[in-house]
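A.B. asks: Whatever this is, show me its structure:
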Amino acid sequence: MRNFKVLVLLVWVVLVLLIALQRNIGPDTWWHLKAGEYIVETGSIPTEDIFSYTASGRFWYLYAWLPEAVSFLVYSKFGFPGLILVKLLVVLSAFLILLKLMLENKINFSLALMVTLLAVFVSRKFFLLRPHIISYLFIVLILHFLELYYRKDRKWLWFCPLLFVIWVNCHVNYILGLAIMGIYFVTKFDRDKKTLNAGIIIFISSLACLINPMTYRLPGYLLSLYSTSGLISGTLGEWHSPMIEFDATLYDFLLILVPLVIVILLSLKRVNFTKVLLILFLGYLAVSSQRHIPYFALVCAYVLSEHLQYVIDKSKLMKKDIADFRFVRRFAVVFYVVLIVVLFAGVYKVSEKVVCYNPHRERDFLFPESMMEFIKINNLPGKIYNAYSYGGYIIKHLYPQKKVFIDGRANTVYPDDIYRQYLSVKYLKPGWEEILEKHQVNLLLLDDGTLIRKKMEKSDEWEKIFRDIVGALFIKKSPENKGIIDSVLELKYPDTAFGHFSKAFAYGKKGMLDEGIEELKKGISVDPEEPDLYNALGRFYDTKNEPGNAVIYYKKAVELEPERFLAARRNLAVAYERKGMVKEAIEQYEIIVKLEPESSIGLSAKNSLRRITPVPSR
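C.D. replies: Here you go, the predicted structure:
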């Protein structure tokens, strides 16, 4: 049944790729690409900030310069599909090496596949196009070299210094590799040649880590990063403990931790002291900061497989691989057909996700694509105060014409004071207006739902001139900007869904409803799947007192986003009311209450239900 095992392995590979494809681009991907572009085109590695006006000239700990440069070269030739393929290759290599390590440790083939797949699933949130993914591969390589050295006396450990020369120029988590080597050295210490050689290798590897553009400064940065909890680290999601909120990240962490604890208790096997320290060390890091969960998952999966195998052997279960069971042999043809169908379907899905990938609309992140084009083609003047998550995107698309207030480089560039200023403006804390004045901010790029965004919508000092899928652009009402504000319809708008959307509302503000409707219809021809356009059309028809047409477009918006676009559903309910269709309105309000009973829109729907629901006669 060797061929059957190969087929199962191929299906496993496809599943790993599909899981790794769930997330690709995050807010930081963009500035990493721009940094790589700068390095390649200038032939130099910047040591001072060049992307912001708030931290300009400050020392920049650009520790990931190597993957940034490589990423830009790949991107310039093959675009995002090329970058995604590289990411998939790195992730797949890491888990294939982990699988190989398990099989060398005499773990059942089927069991090894399942446990590694569990580790992939637990880590899926962190498979972004960012330099840190290379550390997953290097961690497993170090673990593999150490196991070979101490169990089989193989000499692969001597490659570690070379590995660290590469790693230290890729990501700061090289320090985890040194820590793991230190744990093996201490727990397996003996007065023999093997221990002496291991000590020499660790010493040379530590010296090798000084071969980077920052030399001795990088260890100092790492010390401050892990020993203190600054304002920036304390407020960024990936640095939060998974224990803070009961969300998917915590459940993923427990998904691999709980089985490990249970199996260790069941196995009654003498626990290897080295593995205990590894689990405690990486477990502590994972509990302290969720960004370390993948490192914990990789090592945890290896230890989990050992103890599961012991329990299985002891209970005389799963003595054979799945390919050796009689029922598989009996229905071999069926199994082959099913696996081949799954394999080809998976390969097709992987290919589709790579080739048809839209980098501006990631599953969890949307970016202001149209807004960047609007700023660029109109050459809008002045400095931008921007939402933190859009800083990298602005850097990629507007630098060097525009610099940012802040971006995802966090404490590699920005001191706590700059981040505190950013938060003061975002949350309208005392002195927020003075901060904007101090930095001579002329443009505000604000994401939806923030206090500053709500304030600006009603402000007499700022004018909204563009609306994108994720936020809005405001310009200061000043004598210098009067020409722009007065002639907003004469500005150039990109031929995108939200380019037409923004121009439509510019028409609407001037009472030109028919022109606004035509502009929205042009937007729909560009992107017929954008629900905001249909909702906006409904609002225009509502303003024209045409509830019949309004209902048509509100319904279309709701069909495209039945659970998320509750504003459109509320508008639909109100339009039904205006048409006298009380029963249909009640139905829409009830759905809103069911989906979000405690939100502001849900509470508003409850009030509407109380108002229009007929009182039963006595």
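A.B. asks: Could I get the phi/psi values of residue 443?
C.D. replies: With angles defined as degrees, to the nearest 10, residue 443 sits at phi -130, psi 140.
A.B. asks: Touching, it and residue 379? I think so.
C.D. replies: No. With contact defined as CB atoms under 8 Å, residue 443 does not reach residue 379; the gap is 11.9 Å. Heads up, the C-betas are built off the backbone N, CA and C, glycines and all.
A.B. asks: more neighbours, the two?
C.D. replies: Neighbour comparison, residue 443 and residue 379: the larger count goes to residue 443, with 21 against 8 (by other CB atoms under 10 Å).
A.B. asks: which residues touch the more buried one?
C.D. replies: With contact taken as CB atoms under 8 Å, 6 or more residues apart in numbering, residue 443 is in contact with 375, 380, 382-385, 473-476.
A.B. asks: for this protein, what helix or strand is lowest in average pLDDT?
C.D. replies: Counting by mean pLDDT, DSSP states H and E, the chain has its least confident helix or strand at helix 326-330, which shows a mean of 52.
A.B. asks: circling back: using TSV, lay out the contacts of residue 443 together with neighbour count and pLDDT.
C.D. replies: Shown next, in TSV, are those (neighbours: other CB atoms under 10 Å; pLDDT from 0 to 100):
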residue	neighbour count	pLDDT
375	22	96
380	21	96
382	14	95
383	17	97
384	22	97
385	24	97
473	24	96
474	24	97
475	21	97
476	18	96
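A.B. asks: Any chance of JSON lines for those residues, columns distance to residue 297 and secondary structure?
C.D. replies: Shown next, in JSON lines, are those (distance: CB to CB, whole Å; DSSP: H, G, I helix; E, B strand; the rest coil):
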{"residue": "375", "distance to residue 297": "41", "secondary structure": "helix"}
{"residue": "380", "distance to residue 297": "45", "secondary structure": "coil"}
{"residue": "382", "distance to residue 297": "46", "secondary structure": "coil"}
{"residue": "383", "distance to residue 297": "42", "secondary structure": "strand"}
{"residue": "384", "distance to residue 297": "39", "secondary structure": "strand"}
{"residue": "385", "distance to residue 297": "38", "secondary structure": "strand"}
{"residue": "473", "distance to residue 297": "41", "secondary structure": "strand"}
{"residue": "474", "distance to residue 297": "43", "secondary structure": "strand"}
{"residue": "475", "distance to residue 297": "47", "secondary structure": "strand"}
{"residue": "476", "distance to residue 297": "48", "secondary structure": "strand"}
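A.B. asks: ranges for the strands of the stretch 451-600 of the chain?
C.D. replies: 462-467, 471-476 (DSSP state E, counting those that start in this stretch).
A.B. asks: Please apply the same query to the chain.
C.D. replies: All strands of the chain, identified by DSSP state E, fall at 383-386, 441-447, 462-467, 471-476.
A.B. asks: report the angle between the axes of the longest one and strand 471-476?
C.D. replies: This points to strand 441-447. Comparing the axes of strand 441-447 and strand 471-476 via axes from the mean of the first three to the mean of the last three CA atoms, to 10 degrees yields an angle of 160 degrees.
A.B. asks: Done for today, thanks.
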